[in-house]
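**Student:** Give me coordinates for this.
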Amino acid sequence: MKRKMIIAAMAFGLPAAAQTDTTVLQGVTVQGYAQQRDLSTVPGAVSVIREQDLQRIAPGSLVPALNAAPGVRMEERSPGSYRLNIRGSSLRSPFGVRNVKMYYNGLPFTDPGGNTYLNQFSPVIFSSLEVLKGPGSSLYGAGTGGVLLGDRRFGPENSFSAGYTVGSFGSHQAVVSADFGSAKFRQQAMASWQEAGGYRDRSYMRRYVAGWGGRWEASERSVLEAHLLAGDLYYETPGGLTLAQFLANPKQARPAAGAFPSAAGAHAAIYQQTLWGGLKWAYRWNEHWEHSVGVYGAWSGLRNPSIRNYEQRNEPHAGARTVVTWKQGPWRVLAGAEGQIGNFRTRVSANKNGEAAILQTDDRIRNGLLSLFAQSELVLDGGWVFTAGLSMNGANTTVRRVSDTPEFRFSTQYDTEWAPRVAVLKQFNAWASVYAVVSKGFSPPAVAELLPSTSVINTDLQAEKGWNYEAGARGGNSRFRYDVSLFRFQLKDAIVQRRDASGADYFVNAGATVQQGAEVAVAYQPLDVLGLRGGWTFHHFRYDEFSQAGKSFNGNRLPGTPQHALTASADVRIRPSFSLFATWLYNDDIFMNDANTDKSAAFHLLGLKAEYKLKGRGWEGRLFAGGENLLNQTYSLGNDINAAAGRYYNAAPGRSFYAGFAVKLGGGKTPAE
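**Tutor:** Now for the predicted structure:
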């Protein structure tokens, strides 16, 4: 009895969960920084979100899984509208994901304009996600926030899966996927339909996602992969509320104010489509030399009737990445290049009842990125790993405003940036690996920052850059693991967001910031049927030098990022077929403006999920049900930082429930060639 009480106390008092479908905590292989080794021997701050981490939460959203990772905060202003905050990176993201470079199956998904349309993905698309925290410029080019690597592995067996979930606020999701083919030519296909009525007025969302992948092992040395993705997304944008409006009725959409219509009157919404396709070839010449090359092409189209205007974007882009690797004994050296080019068009018109009216501006944007990189790695006896990388990066953007007579042209060619990264790791034993990293990050303004929703071309905006110093330790065994990182990032010319009275965003350089903190993750599995895991994030982010309009913000906290965040979860397998999953998240209060005069209150989120497994001849299934925000907290998970008139708040859903099923057919051996 005493032992059961101790375990129960740990389940509610210790941080979050290991998986109960295995009897031990499994090691994690990391692909980031081209190291392809167990996480315990990787010198850098990395969080890995696996398929089982996605299955233990409500289907249809990556938000809870990513928010369980220390140093990571995924925000959702309304269904379908996401931001990804890695160590303060969302300072530049009023819409979409910026200052974070994303790759899908090893090829760029972030466009050359600096935007990542993460909202085009459904969780069914991923087998795993890796978050590289801090600058990754030595191998991945522009971005001071971090790097997100997503992939979907090819299943070794032929199978078909389907699932359906229904929940509160009119939410529905249906997914299907299949793995098929022969041993040498594997294929996968997946599709998802999702709909949500929304918690707030004017927050309906509808999303269709489909994908296909093929992997052909042409020989023992050669592998060819192809991937296709298509997404069609529509969601309404309810707009930010003042504190008084948020407290009076958090469900309301932004009302009319002065000369500006309400969100309903403007028919404010996002219509967005994306097509992405990539081809990748890898060849192993001999035991020492390997070569991989990949190309991709993509197109995104977006229409955005807003309170201020009606914006239309047409964004085709393409790119390539190639890497040559040499291995000899303890040495591993790679060199490569990545290039991207885009040819965008942005038209802004007056918004008349949700339709484009009189043309205001018509801009043609050409942008290009080029990165040349090299990395050397030395693995010595005694547990020593030394890594040194360097990249040379160039970026250029040309904007032509063809609606002006004569045509206005603005070109920017950012200085060539050299971005080094040096890291060393010493593994003493399974219980202790320590590492240290020094790296430089840089990030030129995104196209949407040079040409924000004010439609005023920002000719003064400069690239941000800075040095990151980091130290960490990790280790453990099959029952217990820990991961600790300490960092200090000194950023010059940090790009930060502003909003005018209409809600339109614009950007300025903030002089200098100092972003330092600690990130801790632990996992403990005291019994085969009980898993615990959790994390703590401490971000002490301050303006070092920043003055605007005669006001000094030196020493103020950076808005948009909580100083403390805690996560905890417990997974309990009551019977072989029945499991319970509990998740808790705490976010500290958040300042809403640079002056630190307004802030949102701290909040606690509690989620529970119950799952029952069934199995028959040639099939297996899961029945599940759960609830989110069970404490019914009133909070905002996607704040509009520095918004005029204090319209910061976008209310997240209150208490909600869901239920569904998933079934898998097949799983037999694949045909031999």
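**Student:** tally of neighbours for residue 575?
**Tutor:** If you count neighbours by other CB atoms under 10 Å, residue 575 ends up with 9. Every C-beta, even on glycine, is put in place using the N, C-alpha and C of the backbone.
**Student:** What residues are bridge-paired with it?
**Tutor:** Bridge pairing for residue 575 (DSSP bridges) gives the partners residue 578.
**Student:** One more: residue 375?
**Tutor:** Residues in a beta bridge with residue 375, per DSSP bridges, are residue 334, residue 389.
**Student:** How many neighbouring residues does it have?
**Tutor:** Residue 375 has 22 nearby residues by other CB under 10 Å.
**Student:** Over to residue 292?
**Tutor:** Using other CB under 10 Å, residue 292 has 19 other residues around it.
**Student:** Distance-wise, check the closest residue to it other than its chain neighbours relative to residue 370.
**Tutor:** Distances taken as CB to CB, 6 or more residues apart in numbering place residue 282 nearest to residue 292, at 4.2 Å, with adjacent residues excluded. The gap separating residue 282 from residue 370 is 22 Å, by CB to CB, to the nearest Å.
**Student:** got it, and residue 280?
**Tutor:** Residue 280 sits 19 Å away from residue 370, going by CB to CB.
**Student:** Which parts of the chain are helices?
**Tutor:** Assigned by DSSP state H, the helices in the chain fall at 2-13, 51-55, 63-67, 137-140, 243-248, 447-450.
**Student:** Spit out the contact partners of the residue most central in space within the chain.
**Tutor:** Nearest to the mean C-alpha position of the chain, counting by CA atoms, centre = their mean, stands residue 84 at 4.8 Å. Applying CB atoms under 8 Å, 6 or more residues apart in numbering, we find residue 84 in contact with 66, 72-75, 90, 93, 97, 100, 116, 118, 148.
**Student:** So for these, which is the shakiest by pLDDT?
**Tutor:** Here the lowest pLDDT out of the contacts of residue 84 sits on residue 93, with 71.
**Student:** Spatially nearest residue to that residue (excluding sequence neighbours)?
**Tutor:** Excluding the flanking residues, the one nearest residue 93 by CB to CB, 6+ apart is residue 83, at 4.6 Å.
**Student:** What is the neighbour count of the one you found?
**Tutor:** By other CB under 10 Å, the residues close to residue 83 number 25.
**Student:** In this structure it contacts residue 90, no?
**Tutor:** Yes. Shown here, residue 83 and residue 90 form a contact pair, counting by CB atoms under 8 Å, at 4.7 Å.
**Student:** shared neighbours, these two?
**Tutor:** residue 75.
**Student:** roughly how far apart are the spatially closest residue to residue 166 that is not a sequence neighbour and residue 298?
**Tutor:** Spatially, and ignoring its direct neighbours in sequence, residue 166 is nearest to residue 172 (5.5 Å; CB to CB, 6+ apart). Residue 172 is 28 Å from residue 298, where distance means CB to CB.
**Student:** I'd like to know how far residue 134 sits from residue 595.
**Tutor:** Counting by CB to CB, the gap from residue 134 to residue 595 is 28 Å.
**Student:** err, residue 198, not the other one
**Tutor:** In terms of CB to CB, residue 198 sits 32 Å off from residue 595.
**Student:** who has more neighbours, these two?
**Tutor:** More crowded of residue 198 and residue 595, by other CB under 10 Å: residue 198, with 22 against 13.
**Student:** Give me the phi and psi angles of that one.
**Tutor:** Backbone torsions of residue 198, given as degrees, to the nearest 10, read phi 90, psi 150.
**Student:** Test my guess that it contacts residue 206.
**Tutor:** No. In this structure, residue 198 is not within contact of residue 206 by CB under 8 Å, at 10.7 Å.
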